[in-house]
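Colleague: Requesting a structural model of the entry that follows:
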Amino acid sequence: MAKKTINNDDLLANIIKGIEEVKGNDIDILDLREIDTAVCDYFIICNGNSNTQVNAIVNSIQKTVSKELKDKPWHVEGTDNAEWVLMDYVNIVVHVFQKHIREYYNIESLWGDAKITTIQNKY
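Modeller: Residues are numbered from 1 along each chain as shown. Got it, this is the predicted structure:
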């Protein structure tokens, strides 16, 4: 049975929805499609205020994407300490940080050539 392909736009929308459902902060979408050395099409970066909120964001993303698109991440790591959780949906990689860890690593600056879209909080 062939795996159905998920539209990047649908996946992006559902990941954002999952983040917003548990009040994830500072959502940025980095469009990496024009960068030759990029490993995926998009990074989505957001942060929570505690390890509990980081795990809630991760769980909300997984639940929303599973329910709406019947898809799950290929790989998830970092949930044990929940300071920086990486969710790999192959074409889209989600980074969920605690705020101070995000500021420390500042991965947006590592991808300076990427087009960055900031999603305004609805709350």
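Colleague: what's the weakest-modelled helix or strand in the protein?
Modeller: None of the helices or strands of the chain scores lower by mean pLDDT, DSSP states H and E than helix 107-110, at a mean of 92.
Colleague: Can you list the strands that the helix or strand following that helix pairs with?
Modeller: Where DSSP states H and E defines the elements, the next helix or strand beyond helix 107-110 is strand 115-119. Sheet pairing for strand 115-119, assigned by DSSP bridges, gives strand 25-31 (antiparallel).
Colleague: which residues sit against the following helix or strand past the strand it pairs with?
Modeller: The helix or strand immediately downstream of strand 25-31 is strand 42-48, counting by DSSP H and E. With contact meaning C-beta atoms under 8 Å, 6 or more residues apart in numbering, strand 42-48 is reached by 8, 12, 15-16, 19, 22, 24-33, 54, 56-57, 91-99, 101-102, 107-108, 111, 114. Where C-beta positions appear, they are placed from N, C-alpha and C, glycine not excepted.
Colleague: Equivalent analysis for stretch 92-106, please.
Modeller: Stretch 92-106 has contacts (C-beta under 8 Å, 6+ apart) with 8, 11-12, 15, 19, 24-26, 39-51, 54, 57-58, 61, 73, 82-87, 107.
Colleague: So which bits of it are buried?
Modeller: For stretch 92-106, burial by neighbour count (16 or more other C-beta atoms under 10 Å) applies to 92, 93, 94, 95, 96, 97, 98, 101, 102.
Colleague: got the CA positions of whichever strand or helix holds the fifth one in PDB?
Modeller: Spelled out, it's residue 96. In the assignment (DSSP H and E), residue 96 maps to strand 92-98. Extracted in PDB, the C-alpha atoms of strand 92-98 (Å, rounded to 0.1, in the frame of the first residue of the first chain):
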ATOM      1  CA  ILE A  92       8.700  19.900   7.800                       C
ATOM      2  CA  VAL A  93      10.700  19.900  11.000                       C
ATOM      3  CA  VAL A  94       9.200  21.400  14.100                       C
ATOM      4  CA  HIS A  95      11.400  22.800  16.900                       C
ATOM      5  CA  VAL A  96       9.600  23.400  20.200                       C
ATOM      6  CA  PHE A  97      11.800  25.200  22.800                       C
ATOM      7  CA  GLN A  98      11.600  26.600  26.200                       C
END
